[in-house]
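# model this:
(chains A, B, C, D, E and F)
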There are 6 protein chains.
Amino acid sequence: MDNAKRAEVLVQALPYIQKYAGKIIVVKFGGSSMVSEELCGAVMGDITLLTQVGLRMVLVHGGGPDINAMLKRVNKQSEFVNGLRVTDDETMEIAQMVLCGKINKNLVSQLHQHGGRALGLSGIDGHMIEAVQKDPALGHVGEIVKVDPQVILDALDHGYIPIISTIATDTEGHSLNINADTAAAAIGVALHAESVIALTDTPGILRDKDDENTLISRIYLDEAPALMADGVISGGMIPKIECACKAIEKGVRRMFIIDGRVKHSILIELLTDEGMGTMFRLR
Amino acid sequence: MDNAKRAEVLVQALPYIQKYAGKIIVVKFGGSSMVSEELCGAVMGDITLLTQVGLRMVLVHGGGPDINAMLKRVNKQSEFVNGLRVTDDETMEIAQMVLCGKINKNLVSQLHQHGGRALGLSGIDGHMIEAVQKDPALGHVGEIVKVDPQVILDALDHGYIPIISTIATDTEGHSLNINADTAAAAIGVALHAESVIALTDTPGILRDKDDENTLISRIYLDEAPALMADGVISGGMIPKIECACKAIEKGVRRMFIIDGRVKHSILIELLTDEGMGTMFRLR
Amino acid sequence: MDNAKRAEVLVQALPYIQKYAGKIIVVKFGGSSMVSEELCGAVMGDITLLTQVGLRMVLVHGGGPDINAMLKRVNKQSEFVNGLRVTDDETMEIAQMVLCGKINKNLVSQLHQHGGRALGLSGIDGHMIEAVQKDPALGHVGEIVKVDPQVILDALDHGYIPIISTIATDTEGHSLNINADTAAAAIGVALHAESVIALTDTPGILRDKDDENTLISRIYLDEAPALMADGVISGGMIPKIECACKAIEKGVRRMFIIDGRVKHSILIELLTDEGMGTMFRLR
Amino acid sequence: MDNAKRAEVLVQALPYIQKYAGKIIVVKFGGSSMVSEELCGAVMGDITLLTQVGLRMVLVHGGGPDINAMLKRVNKQSEFVNGLRVTDDETMEIAQMVLCGKINKNLVSQLHQHGGRALGLSGIDGHMIEAVQKDPALGHVGEIVKVDPQVILDALDHGYIPIISTIATDTEGHSLNINADTAAAAIGVALHAESVIALTDTPGILRDKDDENTLISRIYLDEAPALMADGVISGGMIPKIECACKAIEKGVRRMFIIDGRVKHSILIELLTDEGMGTMFRLR
Amino acid sequence: MDNAKRAEVLVQALPYIQKYAGKIIVVKFGGSSMVSEELCGAVMGDITLLTQVGLRMVLVHGGGPDINAMLKRVNKQSEFVNGLRVTDDETMEIAQMVLCGKINKNLVSQLHQHGGRALGLSGIDGHMIEAVQKDPALGHVGEIVKVDPQVILDALDHGYIPIISTIATDTEGHSLNINADTAAAAIGVALHAESVIALTDTPGILRDKDDENTLISRIYLDEAPALMADGVISGGMIPKIECACKAIEKGVRRMFIIDGRVKHSILIELLTDEGMGTMFRLR
Amino acid sequence: MDNAKRAEVLVQALPYIQKYAGKIIVVKFGGSSMVSEELCGAVMGDITLLTQVGLRMVLVHGGGPDINAMLKRVNKQSEFVNGLRVTDDETMEIAQMVLCGKINKNLVSQLHQHGGRALGLSGIDGHMIEAVQKDPALGHVGEIVKVDPQVILDALDHGYIPIISTIATDTEGHSLNINADTAAAAIGVALHAESVIALTDTPGILRDKDDENTLISRIYLDEAPALMADGVISGGMIPKIECACKAIEKGVRRMFIIDGRVKHSILIELLTDEGMGTMFRLR
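Prediction:
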């Protein structure tokens, strides 16, 4: 690469670094990027670099596949109600152990290997996430009532990268499982985050889902309903987008759907004019 | 109780509260006090009260019985070397999940129910405990190399009660299991703690182990070797006392062995002239 | 006393210590507790202990008997108007010398002997109390116009226990004598005090003044008029209660009438559920 | 006066104001300047003005004549030992009342009338002056052991002008009477004062005591012994100069003997090139 | 001069020093006081002294004669439009060089010789003065649009005396020449200055311009129009007074016209009751 | 450019940004980069960008060609001594006007057009550079005696980019002209700068001056003498390198000679692994 091109990338990136300095970016981590050791390492590296140049990065993770694997190891047969799995006591116990004890601490450890300084948190710590049972029939599945971001802000103020597993408690101290996309959005709102970035296994929102050249780079909030009606946004993407839209209405500036399967997609999205995936924002 | 007696208790307690104000007290939590819901609740209450009047309490916990129960649930057959169980990959994974994911977060939740504000940490978070493998034959059992207390101090500074599960990492980020008594002592040293209090299933050190009236209230460090030689300190108490003595040599002011089976034993020990168990200190 | 009972006292007291931490408590000191060396010592001890655990104690004192004794020594014959003694120039000079020069400095000295750090103030210092002449016929007797609490707050901020003698000045700098109960209440209001505690020679307000078992523990402000009408509150207690009620209306949370003849009555009142004397508060 | 002369005074004074800004000046107040209402008012005015332009003024006062008058009023017959009056219990009590209760508070009040903000202190407050009995035969006459200037510094930091009466306490809390010149010097040392100014009833040190034109403007410390040997410094001036010399040796920069009988002598001394009285300093 | 007179000057001056402490005084420097080395030195001395006793002095200067001299040296023939000189590119370049490069830096250097610590600024630095072209026919003559006083305040906060040459820039970065009186007034407004002092070659506003005894000491703003109508304020004084009046309306407390030909006129004006020139203020 | 390459540039640059955050970089500006409007604009842009991401940039400039042009305009015939031009009074006056009044202010204005916030300083302001006459025969040519960096640090602390013209004063306040390379090095030392970057009209130090492919990327200090002996460093580069070497010995970490004729050469040098020109440092 010649110097003129390098200079071009830098001249483009530096204003973004300034613009994002001190701003909070919540990254929802999941899918392939969490499974592949190489991709996961690149995410950890990107988060560390961005923290070092002054962004305040917060990582929120799920962990469905690991929970399923552990349930299988203890021979747990799940019950289903209307096709939805019931989170009974044993399932809840396993989910909490896997998310807070295994994945969370392993991510903390990996981030340290990339030079960051991480603090593993859950929605239980410092009363961060208070929830209520969503539906008695589904057991310990929670709906968020309140997010108190103080424990995350304290961690950021001391220079830690908070890594959060999405277990909440009700007012009596019982654990409840929370959907990680929903939690990331609610945490973004509570932190007055600049952006929430969701790492997914898609390039973003495609007008024709079979053609990556039809990527929609920017969607204004008021365009979302039509895109859902048209089926451009469909399936599992719908609840993701719905909670993203709510987060933007409540003050998050930007929501990004980016491709977790591409290395350094976070850097590209945040520090180049072109970006990579789909950005949602107010008009 | 008449007012003169109440006044006597208060006149006695208030100077201790002043003396301990702002000082760090590390409580090693384990045994019966962790199993009984009532005793555990009293410990959580005492820690909350002491925090509220200005002491800086830190809780360190183990969790052997829960780990064993989980190993059984996944039908894990342990190997043994020279009678010591080998912590292989699977055992390590289970231990980490149970300690960091189950016990730690449940204690955080319980402390919240008593009005405290807790933060669940492990030796992994913020690079708190760095360790090396003790003996390759025993697998992932660690020996502490360095304790960086910053993440604990940051939590204390923000008014959280840190609750710590004793998993460490080596320099490559691999998890290692650490004995909780050893960890509590090392954390006490790193924090320049005023005291380390171990909640045990004994009244303290008894001159005649069958007669509770022979409790030794205070043992000077230089008396410890003779008491071990005489068998007054024996069995599982020996390693506990050895690491306590090392901690005192490195700057912890006092080490207490108290009876976790008695409600409010922490309050009695810290705030009355008579105390309850056995105190170790320099002459 | 057994440990369970001690624990009970402590578990009860600690939340009060937290509740009162940083709060201002004004103690009006007078009567037997000021005459008896033993009782006076206990008050000094209690105030020191409470300061050490974080309360911000302020002591206001009178000194009628000492003033009378000094007037006698200089053979001063007092004039009377409608049965009230006239505070002429000489009486005023003697009162100021006795209150500010003798009693105030001796209390400062005694508090130091109990380990406190006191600062003797009068209403003259730092323009603390401005007053006007109440009635020309009575001479230098003042009615409070304004209390500037800054000098007291500065003393508290630097860790001193302020001890205040109740001499005020008018706008031309002339000294005026102020009733100590009235001054304590006005100082409590100006300091936004949590409580004003008056040490008296009674157990509190008794429904039947000859039966200590009829002590009324709590009186709501709106009950006071009826109690005065019924004669339950009578004689010298009436002006005390009237200025207490005014203080509560202006923001002091609680006013206590307690028995200065009982050692440690301040500790018992503040740190136990039962208390000792009579508490006045808003409903 | 024409503008050129005014300008000359100002051009001369401003650098002194800058030089003394934030510096501590201890004024020993006594003699005629304390008796005459007009002179006393001018001193209060000067101290207020100098405080307003940034000097940190501290006033130390004695009060012999008032004490004698009060002793007479109570018909106290003094005993004498080797020609020195014995300060027995009654004399001590009267001295404390007069100094701390009458003179001190009246000076505070007068300073307020000149627009200052004063705080009346004694050596008892905040453990300021600790002393021991000088000679059992002389009763409660103290020799200074230690000056803790914290309470004075706290007052200065909050913008008060401290006015100090020179009663000390021994370690058991008993009051002791202290010579005001000695106390002013010791307080100057403890405060690392820039200057100690003694207001006297002389124009300063005169080479010929009958000729004011022989005023010595500056005396270097090493010249003092010869001047005492020659009788130039004699009588009551000798102990004043001795303690001044000690104060300079211990760090006070300058000691002034000025004429308290001349209005505004403090201003003239501090803010003009010529000064007024005699300055002592290291060569 | 005797001590009583000195004391009188000081007793008068000290309250002014207190009153002006921390206040901002803008001095418009020009005319004879800038040409005469002696007068210029006295101004530098006064500004240094006043800064040392706590006033926050700001110096604004013009420099017409020097600019003219330089234009002559480069043989620049000026064009005129309606009798007004046109500031073409070359004239602008010369004006900027002379004001910012010669006069400004020489004043900084001279102030240093008087013990001050100066910082030379222009309206260009820190975007201080933004202007627009007044009239295309006149070339680079600017009219002030906005004054951002931050760079001046930063200099004052660090203890520098700001010396300002009145070149502004338009939004495209082109230099524009600004009238120094107008600039001084606008800077005074932006700084919320206490006073603006203009050093002129007159004693102030004279009722009879030929009789210095008819000096008007104080003019209320609402009297100014009549004085202009009457011709008392006339000629070149009119625009000076007009912008002074505007400054007072926008918050500057006082505007002084004083005689720059008299040494120390700034000191006399600010620190004596009588003052020297003419003061403008709101009634 | 594809995303992988962009990511590569960013992954490389971000650690440099962190490494340089808060560090001071002195840029010596001169030659072609100062003459070409496009290059000058790119330098201003780079300095603004680097400031925005946290570096503390300081610009030092010369201005020989402009001074010569101005001397010509006033028909100044220079005298020469041993082939060196004499800086007589008139030359000095012109040099100061051109550097401080024209170039400096124009650079401030240009930096503002690129979004920066600049403060134009000279060695005169805040006593920054004190010098002595180098050689009476050469007139007002100065040799640096002392650099007081406080005024530069104050500017940096308030977020300004200081732009410095290299005129100094002697202790009597006379102006002296200073070589800009020498001044930049001395300022770098006084500021404890991380790096000094000299923009030159060469690609750096070439082993074969006719072949740009022989650029030496890094020269250790102890290699410099040999390179001068060999003629690799020769001519006008010798004094530049000599003062660079002295600066490194006194604490500047790195000195760069880079090509001012290439756009964005500062960015490339600071934020890429390869850099552009020649770096000098301690081994």
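# any idea how far the residue in the stretch 151-283 of chain A that chain C sits nearest to lies from chain E?
At 20.3 Å from chain C, A:G173 is the closest residue in the stretch 151-283 of chain A, using Cβ to the nearest Cβ. C-beta: built from backbone N, CA, C; applies to glycine. Separation of A:G173 from chain E (Cβ to the nearest Cβ, to the nearest Å): 52 Å.
# next one: A:L59
Distance, A:L59 to chain E, by Cβ to the nearest Cβ: 39 Å.
# contact partners of the longest helix along chain A?
Using DSSP state H, we find that the single longest helix of chain A is helix A:3-20. Helix A:3-20 has contacts (Cβ atoms under 8 Å, 6 or more residues apart in numbering or on different chains) with A:50, A:53-55, A:194, A:270-273, F:1, F:5-6, F:9-10, F:13, F:17, F:45, F:49-50, F:52-53, F:262-264, F:267-268, F:271-272, F:276.
# Mind telling me what element the residue found closest to A:P162 once you drop the neighbours it is linked to in the chain is part of?
Ranked by Cβ to Cβ, 6 or more residues apart in numbering or on different chains and with sequence neighbours excluded, the top spatial neighbour of A:P162 is A:A155, at 4.4 Å. Assessed by DSSP states H and E, A:A155 sits inside helix A:150-157.
# helices or strands up against that helix?
Counting contacts by 3 or more Cβ pairs under 8 Å, 6 or more residues apart in numbering or on different chains; DSSP states H and E, helix A:150-157 is packed against strand A:56-61, strand A:118-122, strand A:161-165.
# angle of that helix against strand A:118-122?
If you take axes from the mean of the first three to the mean of the last three Cα atoms, to 10 degrees, helix A:150-157 sits at 180 degrees to strand A:118-122.
# can you tell me the average pLDDT over helix A:150-157?
The average pLDDT within helix A:150-157 is 97.
# Let's see it as CSV, backbone CA atoms only.
Output of helix A:150-157 as CSV, limited to C-alpha atoms (Å, rounded to 0.1, in the frame of the first residue of the first chain):
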residue,chain,number,x,y,z
GLN,A,150,-24.0,2.7,37.8
VAL,A,151,-21.8,-0.4,38.1
ILE,A,152,-21.0,-0.2,34.4
LEU,A,153,-20.1,3.5,34.6
ASP,A,154,-18.0,2.9,37.7
ALA,A,155,-16.1,0.2,35.8
LEU,A,156,-15.7,2.5,32.7
ASP,A,157,-14.5,5.4,35.0
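# got the buried residues for it?
Within helix A:150-157, the residues that count as buried by 16 or more other Cβ atoms under 10 Å in any protein chain shown are A:150-156.
# Residues in contact with that helix: which ones?
Taking Cβ under 8 Å, 6+ apart as the rule, helix A:150-157 contacts A:24, A:56, A:58, A:119, A:121, A:125-128, A:161-162, A:164, A:187, A:191, B:119, B:154, B:158, B:160.
# Quick one: distance of that helix to the chain centre.
18 Å (Cα atoms, centre = their mean, to the nearest Å).
# how big is the angle separating it from strand A:161-165?
150 degrees.
# what's near enough to touch the closest residue to chain B within chain A?
Residue of chain A nearest chain B, by Cβ to the nearest Cβ: A:G101 (2.2 Å). Each residue near A:G101 by Cβ under 8 Å, 6+ apart is listed here: B:96-102, B:104.
# if we go to 6 Å?
B:96-97, B:100-101 (Cβ atoms under 6 Å, 6 or more residues apart in numbering or on different chains).
# between those, which has the most around it?
Neighbour tally across the contacts of A:G101 (other Cβ atoms under 10 Å in any protein chain shown): the maximum, 31 neighbours, falls on B:C100.
# What pLDDT does the model give that residue?
At B:C100, pLDDT is 98.
# do the same with A:Y20
92.
# now swap in the one 4 residues further on and tell me
In the prediction, the pLDDT value recorded for A:I24 is 98.
# Out of the helices and strands packed on helix A:150-157, flag the one nearest A:A198.
With Cβ to Cβ as the measure, strand A:56-61 is the member of the helices and strands packed on helix A:150-157 nearest A:A198 (9.5 Å).
# At the geometric centre of chain A, which residue sits there?
In chain A, the C-alpha nearest the mean C-alpha coordinate belongs to A:K28, at 1.0 Å (Cα atoms, centre = their mean).
# Which of the helices or strands spans that one?
strand A:24-29.
# A:G41 too?
helix A:37-52.
# Tell me the helices and strands packed up against that helix.
Contact here means 3 or more Cβ pairs under 6 Å, 6 or more residues apart in numbering or on different chains; DSSP states H and E; on that basis helix A:37-52 packs against helix A:32-35, strand A:56-61.
# ok, and what's touching it?
Contact with helix A:37-52 is made by A:33-34, A:57, A:110-111, A:114-116, A:161, A:263-264, A:266-267, F:14, F:18, as judged by Cβ under 6 Å, 6+ apart.
# tell me the mean pLDDT for it?
Rounded mean pLDDT across helix A:37-52 is 92.
# Output that helix as PDB - backbone C-alpha positions only.
Output of helix A:37-52 as PDB, limited to C-alpha atoms (Å, rounded to 0.1, in the frame of the first residue of the first chain):
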ATOM      1  CA  GLU A  37     -11.300 -18.400  17.900                       C
ATOM      2  CA  GLU A  38      -9.800 -16.200  15.200                       C
ATOM      3  CA  LEU A  39     -12.800 -13.900  14.900                       C
ATOM      4  CA  CYS A  40     -13.300 -13.700  18.600                       C
ATOM      5  CA  GLY A  41      -9.700 -12.700  19.000                       C
ATOM      6  CA  ALA A  42     -10.100  -9.900  16.300                       C
ATOM      7  CA  VAL A  43     -13.200  -8.600  18.200                       C
ATOM      8  CA  MET A  44     -11.200  -8.500  21.500                       C
ATOM      9  CA  GLY A  45      -8.300  -6.800  19.600                       C
ATOM     10  CA  ASP A  46     -10.700  -4.200  18.100                       C
ATOM     11  CA  ILE A  47     -12.300  -3.400  21.400                       C
ATOM     12  CA  THR A  48      -9.000  -3.000  23.100                       C
ATOM     13  CA  LEU A  49      -7.700  -0.700  20.400                       C
ATOM     14  CA  LEU A  50     -10.800   1.500  20.400                       C
ATOM     15  CA  THR A  51     -10.600   1.700  24.200                       C
ATOM     16  CA  GLN A  52      -7.000   2.700  24.000                       C
END
